[in-house]
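In: below are the sequence and a predicted model; questions follow.
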Amino acid sequence: LCEVDKPTCPDGDFNPSTCECGCDQCDPGICDSLTGDGDEAACNFVCPEEVNNDCTLSPDDLCEVDKPTCPDGDFNPSTCECGCDQCDPGICDSLTGDGDEAACNFVCPEEVNNDCTLSPDDLCEVDK
């Protein structure tokens, strides 16, 4: 006389621990303890909405690095954001030209400002 009262769920969406559809996998804070490495060390991890109801995933598979998609050379690993603002005020002030450029100042051109691949030594050029 008796049968299991089990709902019909989309594939992967049956939650055996509740006998209901849907898992709410993305518990608040589930990714907070994870940290990136290498270029992603400053980035946070997030649980994407599209995996929230996928009951087949383990918690390890839920979180992904929240890293922006930036133009080439424009990812700043120290902030995990696009753009570097390399041309800090005064970054070139201590440099002096030599030879016939001895009286010239150095400047940081706008086009290198967001190129995160450059070291500070490569940012400044003689304003001649």
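Out: Yep, that arrived. From a predicted model like this one, the values you see are computed outputs, not experimental measurements. Numbering: from 1, shown residues only.
In: what's the closest non-adjacent residue to the residue minimising distance to the centre of the chain?
Out: Ranked by distance to the mean C-alpha position of the chain (C-alpha atoms, centre = their mean), the top residue is K67 at 2.1 Å. Spatially, and ignoring its direct neighbours in sequence, K67 is nearest to C43 (5.1 Å; C-beta to C-beta, 6 or more residues apart in numbering). C-beta here means a position set from N, CA and C on the backbone, and glycine is covered the same way.
In: next, the contact list for N52, please.
Out: Neighbour list for N52: C23, D24, Q25, C26 [criterion: C-beta atoms under 8 Å, 6 or more residues apart in numbering].
In: who wins for neighbours among these?
Out: Counting neighbours by other C-beta atoms under 10 Å, the top entry in the contacts of N52 is C23, with 22 neighbours.
In: skipping its backbone neighbours, what lies nearest that residue in space?
Out: Nearest residue to C23, sequence neighbours excluded (C-beta to C-beta, 6+ apart): C55, at 4.3 Å.
In: the helix-or-strand element of the chain with minimal mean pLDDT pairs with which strands?
Out: Ranked by mean pLDDT, DSSP states H and E, the helix or strand of the chain with the weakest confidence is strand 14-15, at a mean of 84. Sheet partners assigned to strand 14-15 using DSSP bridges are listed as strand 20-21 (antiparallel).
In: which residues in this protein form strands?
Out: Listed in chain order, the strands of the chain (DSSP state E) span 14-15, 20-21, 45-46, 64-65, 75-76, 81-82, 106-107, 125-126.
In: which one of these has the lowest average pLDDT?
Out: When those are ranked by mean pLDDT, strand 14-15 comes last with a mean of 84.
In: if I pick L62, what's in contact with it?
Out: L62 is in contact with Q25, C26, I30, C31, C47, V51, counting by C-beta under 8 Å, 6+ apart.
In: which residue packs closest to it, ignoring adjacent ones?
Out: Excluding its sequence neighbours, the residue lying closest to L62 (C-beta to C-beta, 6+ apart) is C47, at 4.9 Å.
In: I'd guessed that neighbour sits against I30; true?
Out: Yes - with contact defined as C-beta atoms under 8 Å, C47 counts as touching I30 (5.7 Å).
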